[in-house]
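A.B. asks: Below: sequence and its predicted model.
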Amino acid sequence: MRSLKLVLADGRQWVIHSLDEETAAIVVELGKVMRLGPVVGTDRPSREGRELCVSLGDESVESCPSDADVGGPVVLGVHAPTDRDMLVAQMMRIAETIAREALSRGGMLLHGALAEHRGNGFVMAGPGTIGKSTASRRLPLPWHSLCDDTTLVVRDDKGQHWAHPWPTWSLFWSGGPGGSWPVEQAVPLRAVFFLGQALVDKLEPVTPTQATAILLESDIGLVRAASSPVSDLRSSVPCGIRAARSLAGAVPAYSLQLSLGGRFWEEIERVLPKIGVRGQKTEDRSCVPVVQEQARAEDSPSERSRFADVSLRIVCTGTSMNPTLQERDLLKVRPYESRHVRRGDVVCFKSRDTGRIIVHRVVSVGRRRTDDEIPTGSIRTRGDNNLTEDPWVLQARDVIGRVTASQRGARRWVIAGGWYGLAYLRCVRLGQAIRKHTGIVPHTLYECAARLGPFTYLLPRSLHPRLVRFDARYRVFLKLLMGRRTVGQYDDWRNEWRIQRPFRLFVHAQALPDPLHSPPALDSLPVSAEPQSPNPNPPSH
């Protein structure tokens, strides 16, 4: 039997048990995703705790006879996972059970990203495709993105609301990269921002009544309860209304309109003094610190010992270190201390000119064997994906530390340094050169064929490309379908159509509309070279 322990900021303690070997894999994997520790020995939850027992059986939640000490365990019946998607579905059911119980105590599971600013939490809520993940990646220092899709908000006995980062389960489906989130790392919630899209960044306050209504729409638990039996919905809605009213009355809410390239966080920082948070102008970044652990004086010797290896966690953005590092990779940075910087090390440093935190590889240390020698002890860097060295010259004091490991989803690997790092870099560049030259011919042929097309006449009528309009609450967006397959869509952020290969061969690109400048008439718009009869009832969702 496997057991995990989850402690929420409202004092609720969960002990998650697997009652058989088939469900042990689900609990173990959930512990990795939510970064939960095991239960030691036969410890039982405290008076504020609950037990969640996971076993094979019917997919229903039952409560055992009430217990005065722990409130009675919850028994959750699941199916044995046969593949990764089914494993993810069972983990989601466990997490939803915990979130549903929090709803009865004034909590809410919001469809929103969670950002931290100097120890304070801010939720950016909105529907899918509104830009929560993009906004989270764009946040500069001292902003830290804790999660980009779902946030669990709980309320303690004093009426303070706390925000917990929650897993983004969509990253796991269909072989996705997955990931892990520090679910127990709660921050006090200071404001909620309801996202929208506009040409310029704009921030406006929202009344508590309006905020209550929008929070009810953003609560994932209530939306899913609407498809459950009526009895479940009747018990959930009153709790959701009370929780939304409490949250809207205690935490200020704003409407935040996002532009394509604006600095929306500056709009947020202007209202920080009004809500009791000290603001400070931020800087651009290429990597964002996420977690930095430090030892405290009041910690016991055993607690301080685990901070002997102090490290910094940062999230990589940009393409300068491709393919060694990619966007959203979680990097572990260790200070050099008494060690020396070596050629081939991947180092983290702060640019003196722009103030950005940068991760690049060291290409030379000390004197160079060229005519333009640099002083002894100077360090030159270069991105693995860059063609030239960086213009700046660093000293050892400028280096924050060396990148020792990287994690992409559930995969984690060591970043080689020194001569091993240089050898790895040469192998990577050799592979890039081979792929580049071998790919020139097919790429050229494809581009020429796309210009000569479209070859729609080679396809049956049922596979001819067609436009589909999806009407969301905040926006209307277009997709291009061939049969039942989505082959392209209009990117509102880049203002261009993105069509997958090789489907450009069958699309009349000049006939595709530009919604930004000329709204399309979908019932009469041709998307192929042949004339098509108008569709009086275009698909719409």
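C.D. replies: Arrived safely, thanks for sending. Numbers count the residues shown, from 1 in each chain.
A.B. asks: and Gly262, backbone torsions?
C.D. replies: phi -80, psi 170 (degrees, to the nearest 10).
A.B. asks: end-to-end on stretch 481-498?
C.D. replies: 12 Å (CA to CA, to the nearest Å).
A.B. asks: Check what contacts it and list those residues.
C.D. replies: 131, 134, 197, 260, 459, 462-468, 475, 477-480, 499-500, 503, 506-507, 509, 512, 514-516 (CB atoms under 8 Å, 6 or more residues apart in numbering). Heads up, the C-betas are built off the backbone N, CA and C, glycines and all.
A.B. asks: How about stretch 441-453?
C.D. replies: For stretch 441-453, with CB under 8 Å, 6+ apart as the criterion, the contacting residues are Arg501, Pro502, Arg504, Leu505, Phe506, Val507, Ala509, Ala529.
A.B. asks: Quick one: distance of that stretch to the chain centre.
C.D. replies: 36 Å (CA atoms, centre = their mean, to the nearest Å).
A.B. asks: Which member of the contacts of stretch 441-453 is positioned nearest Arg402?
C.D. replies: Comparing the contacts of stretch 441-453 against Arg402 with CB to CB picks out Arg501 as the nearest, at 38.9 Å.
A.B. asks: Can you pull the phi and psi angles for the residue nearest to the closest one when sequence neighbours are not counted?
C.D. replies: Spatial nearest neighbour of Arg501, chain neighbours left out: Tyr446 (6.9 Å); criterion: CB to CB, 6 or more residues apart in numbering. Main-chain dihedrals, Tyr446, degrees, to the nearest 10: phi -60, psi -40.
A.B. asks: same check, this time on the one 10 residues further on
C.D. replies: Backbone dihedrals for Thr456, given as degrees, to the nearest 10, come out at phi -60, psi -30.
A.B. asks: Around it, how many other residues sit close by?
C.D. replies: 20 (other CB atoms under 10 Å).
A.B. asks: gap between the helix or strand containing Leu87 and the chain center?
C.D. replies: Per DSSP states H and E, Leu87 falls inside helix 84-103. Distance, stretch centre to chain centre, for helix 84-103: 18 Å (CA atoms, centre = their mean).
A.B. asks: need the next SSE after it, C-terminal direction.
C.D. replies: By DSSP H and E, the next helix or strand past helix 84-103 is strand 108-110.
A.B. asks: so what secondary structure elements neighbour that next one?
C.D. replies: On a contact count with 3 or more CB pairs under 8 Å, 6 or more residues apart in numbering; DSSP states H and E, strand 108-110 meets helix 84-103, strand 150-155, helix 208-218, helix 220-225, helix 230-250.
A.B. asks: Deepest-packed of those, please.
C.D. replies: Counting by mean count of other CB atoms under 10 Å, strand 150-155 has the highest mean neighbour count of those, with a mean of 26.
A.B. asks: And Met108, how close does it get to Arg137?
C.D. replies: From Met108 over to Arg137 the distance is 24 Å, taken as CB to CB, to the nearest Å.
A.B. asks: Tell me which of those two has more neighbours.
C.D. replies: Met108 (29 against 15).
A.B. asks: residues contacting the more buried one?
C.D. replies: Ala102, Leu152, Val153, Leu215, Asp219, Gly221, Gly240, Ala243, Ala244, Leu247.
A.B. asks: how many neighbours does the closest residue to Met34 other than its chain neighbours have?
C.D. replies: Distance criterion CB to CB, 6+ apart; nearest residue to Met34, sequence neighbours excluded, is Val183 at 4.2 Å. By other CB under 10 Å, 23 other residues sit near Val183.
A.B. asks: how is the chain carved up into domains?
C.D. replies: 1-103, 106-282, 288-438, 449-541 (automatic domain parsing).
A.B. asks: tell me the mean pLDDT over the longest one?
C.D. replies: On average, the pLDDT along domain 106-282 is 84.
A.B. asks: is it true that the residue nearest to Met34 touches Gly37?
C.D. replies: No - between Val183 and Gly37 there is no contact under CB atoms under 8 Å: 11.3 Å.
A.B. asks: which neighbours do these two share?
C.D. replies: With CB under 8 Å, 6+ apart as the test, Val183 and Gly37 reach no residue in common.
A.B. asks: May I ask you to confirm that Val465 is in contact with Arg504?
C.D. replies: For the record, residue 465 is Pro, not Val. No - contact criterion CB under 8 Å: Pro465 and Arg504 do not qualify, at 10.2 Å.
A.B. asks: In terms of neighbours, single out the busier of these two.
C.D. replies: Using other CB under 10 Å as the criterion, Pro465 and Arg504 rank with Pro465 on top: 24 against 19.
A.B. asks: And for the residue nearest to Arg501, the neighbour number?
C.D. replies: That count, for Tyr446 with other CB under 10 Å as the rule, works out to 14.
A.B. asks: again with Arg412
C.D. replies: For Arg412, using other CB under 10 Å, the count is 12.
A.B. asks: okay, the domains of the chain, which one's buried deepest?
C.D. replies: Comparing the domains of the chain by mean neighbour count (mean count of other CB under 10 Å), domain 106-282 ranks first with a mean of 18.
A.B. asks: There's contact between His111 and Asp148 in this structure, I believe.
C.D. replies: No - here His111 does not reach Asp148: they are 11.1 Å apart, not a contact under CB under 8 Å.
A.B. asks: Show me what the host helix or strand of Leu76 is packed against.
C.D. replies: Leu76 is part of strand 74-78 when elements are defined by DSSP H and E. For strand 74-78, the packing partners by 3+ CB pairs under 8 Å, 6+ apart come out as strand 49-56, strand 61-63, helix 84-103.
A.B. asks: for these, which one sits closest to Trp419?
C.D. replies: Relative to Trp419, the nearest member of the helices and strands packed on strand 74-78 by CB to CB is helix 84-103, separated by 38.0 Å.
A.B. asks: Alpha carbons of that closest one, as CSV, please.
C.D. replies: Provided in CSV are the C-alpha atoms of helix 84-103 (Å, rounded to 0.1, in the frame of the first residue of the first chain):
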residue,chain,number,x,y,z
ARG,A,84,-1.1,6.6,-19.8
ASP,A,85,-4.3,8.5,-20.6
MET,A,86,-6.4,6.3,-18.3
LEU,A,87,-3.7,6.8,-15.6
VAL,A,88,-4.1,10.6,-16.0
ALA,A,89,-7.9,10.3,-15.8
GLN,A,90,-7.7,8.5,-12.5
MET,A,91,-5.2,11.0,-11.0
MET,A,92,-7.6,13.8,-12.1
ARG,A,93,-10.5,12.1,-10.2
ILE,A,94,-8.4,12.0,-7.0
ALA,A,95,-7.5,15.7,-7.4
GLU,A,96,-11.2,16.6,-8.1
THR,A,97,-12.3,14.8,-5.0
ILE,A,98,-10.0,16.9,-2.9
ALA,A,99,-11.1,20.1,-4.7
ARG,A,100,-14.8,19.2,-4.3
GLU,A,101,-14.3,18.8,-0.5
ALA,A,102,-12.6,22.2,-0.4
LEU,A,103,-15.7,23.7,-2.0
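A.B. asks: got the angle between that helix and helix 230-250?
C.D. replies: Orientation note: helix 84-103 sits at an angle of 60 degrees relative to helix 230-250 (axes from the mean of the first three to the mean of the last three CA atoms, to 10 degrees).
A.B. asks: ok, back up a step: next, the angle strand 150-155 makes with the helix holding Leu87.
C.D. replies: 20 degrees.
A.B. asks: and helix 84-103, what other elements does it pack with?
C.D. replies: helix 21-34, strand 49-56, strand 74-78, strand 108-110, strand 150-155, helix 220-225, helix 230-250.
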